[in-house]
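1. Sequence first, then the predicted structure:
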Amino acid sequence: MKQIVTLLLSILIVSSCCSKSTLERARTNIFPKGGKVTNNNFTGNVWLQMLGQEEQTLNTGVGNVTFEPGARTKWHLHPGGQIILVTDGIGYYQEKGQPKKILHKGDVIKCPANVEHWHGASENSYFVQIAVTDNKKGSVEWLQPVTEEEYHK
């Protein structure tokens, strides 16, 4: 997982050296938006593009996730932890019992194993993230939806 995170961070650093027009193209096209998520683990419209599919050799899932304004995950946890790399927009991240964090392009969130959390877009901005998940210890455990009160708090 460390090698994948290093590679992704290198791509983001190299893109910061580009001219404005190249950087604007990279901002919208660096990874495909993917297909619309149709399960009930999200509120609002969300798109997912798995990168490298579910990497079997490294037991790591890497996905480019795009949230429309107001869209978010349910509360959930990852038995192997998760790293979130923010690539565009303004988003939120909250661990159970902690204050909500506001996320911006370039932020990195390290969510420890088995910590209940949720993440998604702010009310007025799309939010794009690369989610890196260690799948060696099991799959994501989806919990209850984030209430409107929790989201707006």
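-> That came through, no problem.

2. Need the per-residue pLDDT for the spatially most central residue of the chain.
-> In the chain, the centroid-proximal residue (Cα atoms, centre = their mean) is residue 129; its distance is 3.7 Å. According to the prediction, residue 129 has pLDDT 97.

3. Same question for the one 3 residues further on.
-> We have a pLDDT of 95 for residue 132.

4. Off-centre distance for the longest strand anywhere in the chain?
-> Ranked by residue count and defined by DSSP state E, the top strand of the chain is strand 82-95. Relative to its chain's centre, strand 82-95 lies at 5 Å (Cα atoms, centre = their mean, to the nearest Å).

5. Now do it: which elements does it pack against?
-> Applying 3 or more Cβ pairs under 8 Å, 6 or more residues apart in numbering; DSSP states H and E, one finds that strand 82-95 contacts helix 2-15, strand 60-67, strand 101-104, strand 108-111, strand 117-121, strand 127-134. Where C-beta positions appear, they are placed from N, C-alpha and C, glycine not excepted.

6. for the last one, packing partners?
-> For strand 127-134, the packing partners by 3+ Cβ pairs under 8 Å, 6+ apart come out as helix 2-15, strand 60-67, strand 82-95, strand 117-121.

7. Try it again at 7 Å.
-> If contacts are counted by 3 or more Cβ pairs under 7 Å, 6 or more residues apart in numbering; DSSP states H and E, strand 127-134 sits against helix 2-15, strand 60-67, strand 82-95.

8. which other residues reach the shortest one?
-> With contacts defined as Cβ atoms under 7 Å, 6 or more residues apart in numbering, strand 60-67 is touched by 1, 4, 31, 33-34, 44, 46-52, 54-55, 91, 120-121, 126-135.
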